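A.B. asks: here is my input, please return the structure:
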Amino acid sequence: MMMSETVETVTARKSPLDEMHRGLGALLVERDAWLVPASYGDARAEYSAVRDGAGAGLIDLSSRARIEVRGAEAVQFLNGLVTNDVKALAPDAWMEAAFPTPQGRLIASCRVLHRADSFLFDTEAISHERLFKTLERFTLAGDFRVTDRTQESAQLSLQGARAAAVLGQVLGPQAASVERGRVVTVEWKGARLSVIRATHTAEDGFDLFVDEGEASALWEALMLAGAKPVGFDALEILRVEAGVPRYGLDMDETNIVTEAGLDDAVSYTKGCYTGQEIIARIHWRGHVAKRLSGLLFEDTEEVERGAKVFSADGKEIGRITSGALSPRLSQTVALAYVKYDYLAAGTRTRVVTGDSEREATVVELPFVRGSWYDTNAEVGEAGA
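C.D. replies: Below you'll find the model as predicted:
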């Protein structure tokens, strides 16, 4: 279902770029209690701006939560809460991480940026409140201070083969050449911005963290340099093609962290943290019982979230979590949890919704390998 079917409410939070989106003719809809641009009139053209090799798409991700943690005991407390090794995270670096329950199930997935004397947690809007409360309860235990920076900041993303060229034109070569896994801070018109190289689409990309007062001017500058505004309808197709899971759709608290394919978010050497025993036991056993995988259909019909997946011999082996018609492949693609014994690429399945039944093939993710995979290996591993 496209978000353009969503209804706006008066309680929805607004991005610092809200007026900019309205001026560009965006269809604004509500998602996860935020008002966001579904499209700027032509979602297919917005998709092409990112995917078709000669462009760069500009996306407003300000609805994502940005939570800052400071204090002398920040590393100690954080290392006991997240799946990755905060102690090993150098200044001006970032990594993926997850917050698990004591049972190893997923509260939130995030990126952790180590900036000077603080850590910035970037997570999806739907995870905002729960992640903030998870962190805030430790503020009484020691020198551990938590501040919600979401409303006072903005987050922009450039995605596409020309993302580096556009970024370099506006922020200079230092920002455009930032290595994967690193954070660079640059000055622009008196403002300080944090830049990381990260993909949401399987194309080369950058996320920019800026104070809310500078967001509109930065957005305009990036557009003047050649970036095209991209709404969340196009982004949804791009992220499914890229195999990027979304919390609340493809993963939630019913999932063990590693079932969602968040392997880069887990350290198996750092020692104890909440839920570590369960996650480590599954890892050393050899595999999870099910895993988020790709299903490729031969047709272009829409696939429903929650549709059941069956093996060729009629056994129920999974369920659909997200789906989209891929313009690049001219086929329907879907993310689905599939039982371990059926994860091999090429496995034939049957997807059943009501009285309808369709064939689909298990494929490795991502469905589309864009310019992210063409950039130099020296910039490190992909982070979505």
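A.B. asks: who are the contact partners of the spatially closest residue to Met20 that is not a sequence neighbour?
C.D. replies: Distances taken as CB to CB, 6 or more residues apart in numbering place Ser216 nearest to Met20, at 5.3 Å, with adjacent residues excluded. Where you see a C-beta, it was placed from the backbone N, CA and C, and this is true even at glycine. If a contact means CB atoms under 8 Å, 6 or more residues apart in numbering, then Ser216 has Pro16, Leu17, Glu19, Met20 as its contacts.
A.B. asks: pLDDT value on Ser216, please?
C.D. replies: Looking at Ser216, its pLDDT reads 98.
A.B. asks: what about it, distance to Glu277?
C.D. replies: Distance of Ser216 to Glu277, computed by CB to CB, to the nearest Å: 48 Å.
A.B. asks: please apply the same query to Leu135.
C.D. replies: Relative to Glu277, Leu135 is positioned 22 Å away (CB to CB).
A.B. asks: I'd assumed the residue nearest to Met20 was in a helix, is it?
C.D. replies: Yes. Counting by DSSP: H, G, I helix; E, B strand; the rest coil, one finds Ser216 located in a helix.
A.B. asks: can you give me the end-to-end distance of stretch 202-218?
C.D. replies: Stretch 202-218 has an end-to-end distance of 24 Å (criterion: CA to CA, to the nearest Å).
A.B. asks: now it: buried residues?
C.D. replies: Going by neighbour count (16 or more other CB atoms under 10 Å), the buried part of stretch 202-218 is 202-210, 212, 214-216, 218.
A.B. asks: identify, from those, the entry nearest to Arg111.
C.D. replies: Asp207 (8.4 Å; CB to CB).
A.B. asks: quick check: the closest one touching Leu61?
C.D. replies: Yes. The criterion here is CB atoms under 8 Å, and Asp207 meets it with Leu61 at 6.9 Å.
A.B. asks: who touches both of those two?
C.D. replies: Contacts common to Asp207 and Leu61, judged by CB under 8 Å, 6+ apart, are Gln155, Leu156, Ser157.
A.B. asks: and the second one, how close does it get to Leu335?
C.D. replies: Think Leu156. Taking CB to CB, one finds Leu156 at 26 Å from Leu335.
A.B. asks: in terms of neighbours, single out the busier of the two.
C.D. replies: Taking neighbours as other CB atoms under 10 Å, Leu156 and Leu335 compare with Leu335 leading, 28 against 22.
A.B. asks: tally of neighbours for the residue lying closest to that one once chain neighbours are set aside?
C.D. replies: With sequence-adjacent residues excluded and distances taken as CB to CB, 6+ apart, Leu335 is closest to Ser322, at 4.5 Å. As a burial measure, Ser322 scores 20 neighbours (other CB under 10 Å).
A.B. asks: helix, strand or coil: sort out Ala360 for me.
C.D. replies: At Ala360, secondary structure determined by three-state DSSP is strand.
A.B. asks: residues in contact with it?
C.D. replies: Contacts here follow CB under 8 Å, 6+ apart; on that basis Ala360 touches Leu295, Leu296, Phe297, Glu298, Val309, Ala334, Arg348, Thr349, Arg350, Val351.
A.B. asks: hang on, the earlier thing: could you measure from the residue nearest to Met20 over to Ser15?
C.D. replies: Applying CB to CB, the value for Ser216 to Ser15 is 10 Å.
A.B. asks: can you pull out the helices in this protein?
C.D. replies: Ranges of helices within the chain are 18-23, 43-51, 74-79, 128-136, 163-171, 173-176, 212-224, 232-241, 276-285, based on DSSP state H.
A.B. asks: looking at those helices, which is buried most?
C.D. replies: The highest average neighbour count among the helices of the chain, using mean count of other CB atoms under 10 Å, belongs to helix 232-241 at a mean of 26.
A.B. asks: low-confidence ranges in the stretch 151-300 of the chain?
C.D. replies: Across the stretch 151-300 of the chain, not a single residue meets the criterion (pLDDT under 70).
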